[in-house]
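Enquirer: What would the 3D arrangement of this be:
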Amino acid sequence: MKEDSSRQKAKTAGLEDTMSRPGLAARLVQRLVDAAEALNLRHSAVGNPPVFPTEAFPWAKAIEAEWRLIRAELDRVLVRKGDLPAFHEIASEVRSISADRNWKTFLLYGYGIRSEEAIRQCPETWRILQGIPGLKSAMFSIFEPGKHLPPHRGPYNGVLRFHLGLIVPDEPDKIGIRVADRVCHWREGEALIFDDAYEHEAWNHSDRVRVVLFVDFEKPTRFPARLVNRAVLRLAVFTPFIREGYKAQKAWERMFYGAGRLHR
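Expert: Predicted coordinates:
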């Protein structure tokens with residue numbers, strides 16, 4: 001057993017080393033991603049619309065039914081909203097669309113990496129999230145007043161995005177999201193599910209904060225796309241963006257939780 005463990009560690013180290021080589025790694029990963037995306041489109045089990053009806057995912061209604069428990073935990077987090085990190089401080093890849101402190105985040109989970117402290121602060125939210133098949137990331141996404149994310153696309157079509165409205169001022173003329181040619185509006189306690197591989201932009205032009213539960217989950221696909229997609233998603237943890245994000249998250253947690261825990 002000890003020899004098997006050592007061999008596995010060596011394989012993991014070798015994979016990490018390969019993924020760190022900028023030229024070779026980038027070409028290999030891009031070829032795999034391109035092939036996987038073509039398969040995902042061809043073998044989608046739910047079609048490929050920009051925005052999905054909530055009914056296409058039966059688990060979404062169960063999450064909507066418990067939204068107030070999530071909201072209660074969010075309220076405790078927001079006691080220290082000023083100390084929360086800007087999204088780009090954790091995920092450097094978003095700096096091309098957001099480099100200010102008006103988009104904040106509170107991360108619970110990201111591609112195999114759990115924030116144990118965040119989960120401890122939001123146990124009901126974490127319990128509810130376990131009802132999402134193929135959960136890949138979960139966080140609170142906080143738009144300060146005046147925030148506008150410009151048009152952009154997600155890097156890979158093998159995941160879909162789930163938003164659950166938690167704090168949404170009732171001003172649909174000032175708050176919304178466009179996905180392809182669809183303009184949608186969040187509502188408290190309601191889910192919005194879309195494919196972020198389509199061009200999209202989002203805005204909060206009101207004078208109050210907007211918060212959603214932000215989740216990425218594995219896109220339902222049929223064989224052989226399902227196997228290839230899962231392989232791509234497992235490799236994500238070895239990419240520089242995820243590894244850098246993990247280090248940034250841990251550094252922020254040391255500062256945040258060392259300075260004083262959230263009230264429970």
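
Enquirer: SS state for residue 173?
Expert: Secondary structure for residue 173, judged by DSSP: H, G, I helix; E, B strand; the rest coil, is coil.

Enquirer: Please state the backbone phi and psi of it?
Expert: Backbone torsions of residue 173, given as degrees, to the nearest 10, read phi -70, psi -10.

Enquirer: Neighbours of it, how many?
Expert: As a burial measure, residue 173 scores 8 neighbours (other CB atoms under 10 Å). All C-beta atoms are positioned from the backbone trio N, CA, C, and that covers glycine.

Enquirer: Sheet-wise, list the partners of whichever strand or helix holds residue 202 with their directions.
Expert: Using DSSP states H and E, residue 202 maps to strand 200-204. For strand 200-204, the paired strands and their directions (DSSP bridges) read strand 148-152 (antiparallel), strand 175-179 (antiparallel).

Enquirer: Rounded mean pLDDT for that strand, please.
Expert: Averaging pLDDT along strand 200-204 gives 98.

Enquirer: ok, residues contacting it?
Expert: The contact list for strand 200-204 (CB atoms under 8 Å, 6 or more residues apart in numbering) reads 50, 143-153, 174-180, 194, 210.

Enquirer: roughly how far apart are residue 145 and residue 90?
Expert: Per CB to CB, to the nearest Å, residue 145 is found 21 Å from residue 90.

Enquirer: Neighbour count for the two, which is higher?
Expert: Taking neighbours as other CB under 10 Å, residue 145 and residue 90 compare with residue 90 leading, 23 against 15.

Enquirer: if I pick the more buried one, what's in contact with it?
Expert: Residue 90 neighbours (CB under 8 Å, 6+ apart): 105, 107, 245, 248, 249, 252.

Enquirer: And what about the second one, helix, strand or coil?
Expert: Counting by three-state DSSP, the backbone at residue 107 sits in strand.

Enquirer: Please report how far it lies from residue 126.
Expert: According to CB to CB, residue 107 stands 12 Å off from residue 126.

Enquirer: Looking at the two, which is more packed in?
Expert: residue 107 (26 against 19).

Enquirer: In TSV, list the strands paired with strand 200-204 along with distance to residue 69 and mean neighbour count.
Expert: Formatted as TSV, these follow (distance: least, CB to CB, whole Å; neighbours: other CB atoms under 10 Å):
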stretch	distance to residue 69	mean neighbour count
strand 148-152	28	13
strand 175-179	23	19
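
Enquirer: do you know which of those lies nearest residue 81?
Expert: Distance to residue 81, taken as CB to CB, is lowest for strand 175-179 among the strands paired with strand 200-204, at 17.8 Å.
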